[in-house]
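Engineer: Give me the fold of what follows.
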Amino acid sequence: YGAMVTASQAWTMNHPLVDGWGNWGSPTDGPAAARYTEAKLTEFSYNVMLQDAHEWETKPNYDASLEEPIRFNTRIPTVLINGGEGIAVGMATRIPTHNLRGIATALRALVDGDPKAAAKHLVPDFPTGCEIVKDDGLLEYMQSGSGSFRMRALCDETEIDWGKRSKRTALTFTNLPLHVNTEQLGEQVKNALEKGQVTTVADVRDESDLSGVRFVVVLKASASAQQARAELYKYTSLDTRFSANNTVIDGSTPVQLAPYDVLSRWLSWRDETIIRIFKSELETRRNRLEVIQGLIAALDMIDDVIDTIRRSKDKADARKKLVARDFTEIQANAILDMRLSQLTKLDDKTLRAEGKEVQARIKELIKLNSNKKLRQAYILDEVDAIGGARSGGDDNGSDSEVQRTMLQIVTELDGFDARGVRSRRERRLHRRRRRLLDICARYRSVRRRARAGRQRAPHALDPRGRRRGVWAVATVAAAREVADAAVR
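Structural biologist: Numbering: from 1, shown residues only. The predicted structure follows:
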């Protein structure tokens with residue numbers, strides 16, 4: 001269940017594999033118990049893993065009653081795109097996420113024989129869109145697959161109104177590092193202020209909304225924005241490190257690989273998989289072509305075929321006589337299974353057209369199986385179809401869906417003042433909203449019982465939640481609008 005939860009979280013994976021229904025957690029809270037949630041695969045999972053399901057390598061399950069896949073025939077290197085983290089006996093792995101379009105570009109450079117260009121596009125890219133600081137730690141990771149590099153929130157300096165006549169400089173931080181949230185940052189700023197580590201901050205605000213996560217730091221009148229930025233990056237998680245360790249299973253051996261090596265070995269594995277898939281399809285197409293040729297031949301001598309079948313004792317005897325007339329056993333079975341509606345001229349034209357298409361596909365499959373460059377071009381087209389701009393690929397940085405998901409982690413009215421606690425006005429608004437929402441909950445419960453005939457409906461609510469003395473026919477939706485209006 002824990003693995004499925006991780007696969008559904010847009011703030012952990014660049015492309016979630018599971019579409020979760022219910023409370024699947026947030027960066028600040030854990031998910032609900034498994035019995036309270038539902039899940040299905042995302043469209044991305046289907047396109048990446050299930051397109052070639054009939055060609056999975058399988059093995060018997062625990063009681064040999066079913067076949068289970070050994071591995072999925074993934075059409076893109078998801079081990080890099082979505083990363084992974086885990087601990088085993090004597091080893092551990094922590095693979096950062098990478099950009100899908102960057103992977104597609106790196107694959108093309110790898111096929112073209114330009115490893116340096118491929119490596120440039122394999123810089124980690126996290127779903128929150130934070131900045132990756134290019135330092136020695138990042139270079140070490142790129143070269144060996146193990147290293148500690150820095151993630152940093154994006155910062156924008158603006159001027160805001162402060163009081164009636166004055167203005168203050170404010171630092172707006174967006175695209176926070178992985179697993180960092182605004183509640184955690186507020187506590188860190190509070191602790192840094194108490195210890196005297198941060199001396200330039202006058203106020204801290206959480207202004208996250210539907211457009212994305214915004215953590216606003218208002219500076220003191222005489223404070224330097226450069227100094228404040230340096231203090232906040234040093235003493236809070238606005239600048240933090242990610243310790244990467246690309247330990248993967250290559251065949252049956254655990255090895256530590258650089259991102260370029262992971263991509264290169266995936267390309268080799270995908271090429272072997274494509275060969276197996278093409279060989280299977282080639283066999284299927286050849287069998288179909290044999291059936292089509294047999295049906296066309298049967299239609300050309302349909303009267304003799306029908307006469308032969310009518311004179312036979314049973315189906316086995318009819319099959320034997322058809323084989324004696326130069327039909328193969330597969331063709332004889334297809335003829336015996338043929339319906340009367342297939343004896344028309346129109347169906348004859350359809351079969352001949354299908355035969356030409358199957359023959360063309362057989363020639364194409366033979367070329368693909370014998371030419372490595374054509375197979376690599378086929379693999380690149382698959383990756384481009386998934387990671388290209390026309391099919392939902394992602395640019396570097398976070399997208400709007402991730403930002404909307406991150407909004408769910410932010411509690412409304414959880415702003416912090418310079419001491420790291422809610423201001424008086426925010427506490428008052430928070431209490432008012434909670435009180436009105438409690439009224440809504442009680443109203444819903446009473447209305448439910450009233451509909452069951454056990455109790456009369458409550459009075460209508462005025463904007464402050466008090467009864468007006470008139471019997472209400474308002475809905476719970478109206479009561480929620482009252483609560484939101486009171487907060488505004």
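Engineer: wait, residue 368 sits on residue 376?
Structural biologist: No: assessed by C-beta atoms under 8 Å, residue 368 is found out of contact with residue 376, at 10.3 Å. In this view, the C-beta of every residue, glycine as well, is placed from N, C-alpha and C.
Engineer: For stretch 359-373, buried residues please.
Structural biologist: 362, 365, 368-369 (16 or more other C-beta atoms under 10 Å).
Engineer: what's the closest of the residues you listed to residue 207?
Structural biologist: Nearest to residue 207, judged by C-beta to C-beta, of the buried residues of stretch 359-373 is residue 368 at 54.4 Å.
Engineer: Quick check on the closest one: phi, psi?
Structural biologist: Backbone torsions of residue 368, given as degrees, to the nearest 10, read phi -60, psi -40.
Engineer: Distance of it relative to residue 282?
Structural biologist: Distance from residue 368 to residue 282, counting by C-beta to C-beta, to the nearest Å: 9 Å.
Engineer: now the strands for the stretch 101-250 of the chain?
Structural biologist: 131-133, 146-152, 154-162, 166-174, 201-206, 215-219, 239-245, 247-250 (DSSP state E, counting those that start in this stretch).
Engineer: Lowest-scoring secondary structure element of the protein by mean pLDDT?
Structural biologist: helix 400-407 (a mean of 34; mean pLDDT, DSSP states H and E).
Engineer: who touches residue 336 in this structure?
Structural biologist: Shown in contact with residue 336 (C-beta atoms under 8 Å, 6 or more residues apart in numbering): 309, 315, 318-319, 322.
Engineer: again with residue 164
Structural biologist: Contacts of residue 164 by C-beta under 8 Å, 6+ apart: none found.
Engineer: how close does it sit to residue 96?
Structural biologist: 48 Å.
Engineer: Identify all contacting residues around the helix or strand hosting residue 5.
Structural biologist: Residue 5 belongs to helix 2-8 when assigned by DSSP states H and E. Residues outside helix 2-8 that contact it (C-beta under 8 Å, 6+ apart): 12-13, 16-20, 24-25, 31, 39, 82.
Engineer: any idea of the pLDDT on the residue nearest to residue 59 when sequence neighbours are not counted?
Structural biologist: Distances taken as C-beta to C-beta, 6 or more residues apart in numbering place residue 70 nearest to residue 59, at 5.6 Å, with adjacent residues excluded. Note for residue 70: predicted pLDDT of 84.
Engineer: count of residues packed around residue 70?
Structural biologist: Residues lying near residue 70 (other C-beta atoms under 10 Å) number 9.
Engineer: pretty sure it is touching residue 57, no?
Structural biologist: Yes: at 4.4 Å, residue 70 counts as touching residue 57 under the criterion of C-beta under 8 Å.
Engineer: Correct me if wrong, but residue 51 is in a helix.
Structural biologist: No: counting by DSSP: H, G, I helix; E, B strand; the rest coil, residue 51 is not part of a helix but coil.
Engineer: Residue 76 is in contact with that one, correct?
Structural biologist: No: in this structure residue 51 lies outside contact range of residue 76 using C-beta under 8 Å: 11.2 Å.
Engineer: Settle it for me: which of those two has more neighbours?
Structural biologist: Shown here are residue 51 and residue 76; by other C-beta under 10 Å, residue 76 has more neighbours (25 against 14).
Engineer: could you say which helix or strand contains that one?
Structural biologist: With DSSP H and E as the test, residue 76 turns up in no helix or strand.
Engineer: can you check residue 26 too?
Structural biologist: Per DSSP H and E, there is no helix or strand for residue 26.
Engineer: That one - how many residues pack around it?
Structural biologist: Residue 26, neighbours per other C-beta under 10 Å, totals 17.
Engineer: And it, how close does it get to residue 96?
Structural biologist: From residue 26 over to residue 96 (counting by C-beta to C-beta), the distance is 21 Å.
Engineer: same question, residue 382
Structural biologist: 24 Å.
Engineer: Who has more neighbours out of these two?
Structural biologist: Taking neighbours as other C-beta under 10 Å, residue 382 and residue 96 compare with residue 96 leading, 23 against 18.
Engineer: My read is that the more buried one contacts residue 244, right?
Structural biologist: Yes: counting by C-beta under 8 Å, residue 96 does reach residue 244; the two are 5.3 Å apart.
Engineer: any shared contact partners between the two?
Structural biologist: Common neighbours of residue 96 and residue 244, counting by C-beta under 8 Å, 6+ apart, are residue 124.
Engineer: which of the contacts of residue 336 tops the neighbour count?
Structural biologist: Counting by other C-beta under 10 Å, top hit in those: residue 322 with 24 neighbours.
Engineer: tell me the contacts of that residue?
Structural biologist: Going by C-beta under 8 Å, 6+ apart, the list of residues near residue 322 reads 305, 308-309, 331-332, 335-336.
Engineer: Next step: those residues restricted to helices.
Structural biologist: Among the contacts of residue 322, the members found in helices (DSSP state H) are 305, 308-309, 331-332, 335-336.
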